[in-house]
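Colleague: Okay, structure incoming, though there's no sequence with it:
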């Protein structure tokens, strides 16, 4: 079996092919476009069975992985870049050496493989992450507008500066020419982003209403349909985790451990896992620590003893363990009043109905 290491970059990729004894067969560079990938796939076909490894670098690996995996003779592995330390710590570093090291690692079965979600899950992740990105962009714009008002000591009496009346006030503000232009541009960008968020929200809601597992997760305090869909997309198939501890580690919420001279020290959380899971769990934990009867007492005990931050992290872990069991057993979590879950479901259905009505109106 041929071992193949591929160092992936935005425009070109460097590949190294070695035989079972580690002897170099061929080194080549190919463009990371469809034509170049197809040509490399044809080259591998001439070598029969192969073990191919490439690092998980952003989304650059996706077209190469999807193309090579179509051939059953190729065993394709996506390497976790954090664990390929031979490359990361190399003093002399270039594309050829990286590809050679990857080929040697996969030949010796020393590659730490990353999870490769199926295409539907990738699509869901892209949709949900994009919405989060747009929301963050709106927050940045609003902060810049607040800073502009502070610069000129302009106060207002609106509970929501970016509501209908607040925006009308912003549009009518008398400012120096340059600042007025900046403010108008910011408001136009904000409006455009909000339209995009609304469109993505409708799409997510339409998928959530058809997803029974989302309704199970909505039984948690602080988790709405968006949070539920994000959790499902980022976790993927929960059965790939043999225990809740594995899922906690995947989210980067497991504490670091150092053992020396018979002593074990538990440190801060690792933060090397899925950042989107940690983000949405922090949001949920803020609510659960106040309103979930199962977690409120826990939060107060830990907060009094070890501080608020560690208490919130503890709530995040407990939430994720409960989420693991809910998804594994397909059962309901009873951590909030039943009327709150019903309200969440009604809100979701209202968004879906509004979307369908809007489509019908556009058709007519």
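Modeller: It's in. If you're wondering where the values come from, they're calculated on a predicted model, not measured in any experiment. Residues are numbered from 1 along each chain as shown.
Colleague: Quick check: which ranges of the protein have low pLDDT?
Modeller: The model of the chain has pLDDT under 70 over residues 83-93, 256-271, 336-337, 364.
Colleague: how near is the residue positioned nearest the centre of it to residue 13?
Modeller: Closest residue to the average C-alpha location of the chain: residue 276 at 3.9 Å, with C-alpha atoms, centre = their mean. Distance, residue 276 to residue 13, using C-beta to C-beta, to the nearest Å: 27 Å. All C-beta spots, glycine's among them, are computed from the backbone N, C-alpha and C.
Colleague: can I assume the residue nearest to the centre of the chain is in contact with residue 231?
Modeller: No - contact criterion C-beta atoms under 8 Å: residue 276 and residue 231 do not qualify, at 9.0 Å.
Colleague: Do a quick rundown of the helices in the protein.
Modeller: Counting by DSSP state H, the chain has these helices, from start to end: 34-45, 62-68, 85-88, 95-107, 119-151, 164-171, 177-208, 212-217, 225-235, 244-250, 275-291, 293-306, 308-329, 338-363.
Colleague: How many neighbouring residues does the closest residue to residue 152 other than its chain neighbours have?
Modeller: In space, and not counting its chain neighbours, residue 152 is closest to residue 175: 6.9 Å by C-beta to C-beta, 6 or more residues apart in numbering. Residue 175 has 17 neighbouring residues, counting by other C-beta atoms under 10 Å.
Colleague: try residue 38
Modeller: Every residue meeting other C-beta under 10 Å relative to residue 38 is counted, giving 12.
Colleague: Contacts only, for it.
Modeller: Residues near residue 38 by C-beta atoms under 8 Å, 6 or more residues apart in numbering: residue 67.
Colleague: and what of residue 170?
Modeller: Counting by C-beta under 8 Å, 6+ apart, residue 170 has contacts 145, 161, 183, 187.
Colleague: Most widely separated two among these?
Modeller: Pairwise distances across the contacts of residue 170 peak at 12.2 Å for 161 and 183 (criterion: C-beta to C-beta).
Colleague: Overlap in contacts, those two.
Modeller: With C-beta under 8 Å, 6+ apart, residue 161 and residue 183 have common neighbours 145, 170.
Colleague: re the thing from before, if you skip the residues just before and after it, what's nearest to the residue nearest to the centre of the chain?
Modeller: Nearest residue to residue 276, sequence neighbours excluded (C-beta to C-beta, 6+ apart): residue 234, at 5.0 Å.
Colleague: Alright, I will stop here.
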